[in-house]
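Peer 1: just coords:
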């Protein structure tokens, strides 16, 4: 084998070539940045901004808060009987308490729902 390695390349020569490529690449990026700045009148960031998706517009929020958002109501556990009428079994001040009480439910007709104040329990009846 030659003293320069199996391919005849001296390690110092390899490092020198990489260093020169790095310098040339940096110069090339600098020239490209200057060209973009002159062409568009803005910075390199504006070019990269073309590849970022704009923020999507969101649908407008409803004007007034609903009863469920203000919290003026109760959470109920209710069941639907054979006739199709709802019967309130338990009332809770928060959703978390109602869901904890309903956690081990096995009856398909027993459900949890928010019931605003002033709305009759018949609103829970299925249509």
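Peer 2: That came through fine. All figures in this text were calculated on a predicted structure; none of them were measured in a lab.
Peer 1: The helix of greatest length in the chain - contacts with which helices or strands?
Peer 2: Ranked by number of residues, the top helix in the chain under DSSP state H is helix 11-40. Helices and strands touching helix 11-40, by 3 or more CB pairs under 8 Å, 6 or more residues apart in numbering; DSSP states H and E, are helix 44-49. (C-beta placed from N, C-alpha, C; glycine too.)
Peer 1: mean confidence for the helix it packs on?
Peer 2: Averaging pLDDT along helix 44-49 gives 57.
Peer 1: Tell me if residue 87 really is in a helix.
Peer 2: No - secondary structure of residue 87 (DSSP: H, G, I helix; E, B strand; the rest coil): strand, not part of a helix.
Peer 1: Residue 111 - that's part of a strand, no?
Peer 2: Yes - counting by three-state DSSP, residue 111 is part of a strand.
Peer 1: per-residue confidence for residue 77?
Peer 2: For residue 77, the model assigns a pLDDT of 91.
Peer 1: That one contacts residue 100, correct?
Peer 2: No - with contact defined as CB atoms under 8 Å, residue 77 does not count as touching residue 100 (10.7 Å).
Peer 1: Looking at the two, which is more packed in?
Peer 2: residue 77 (18 against 11; other CB atoms under 10 Å).
Peer 1: Return the distance of the more buried one relative to residue 94.
Peer 2: Here residue 77 is placed at a distance of 13 Å from residue 94 (CB to CB, to the nearest Å).
Peer 1: Also residue 126?
Peer 2: For residue 126, the distance to residue 94 equals 25 Å [CB to CB].
Peer 1: quick one on the thing from earlier: what mean pLDDT does the longest helix of the chain get?
Peer 2: 79.
Peer 1: any idea whether residue 83 is helix, strand or coil?
Peer 2: The three-state label given to residue 83 by three-state DSSP is coil.
Peer 1: Count the neighbours of it for me.
Peer 2: Using other CB under 10 Å, residue 83 has 6 other residues around it.
Peer 1: cool, residue 31 as well?
Peer 2: As a measure of burial, residue 31 has 10 neighbours, counting by other CB under 10 Å.
Peer 1: same question, residue 121
Peer 2: 13.
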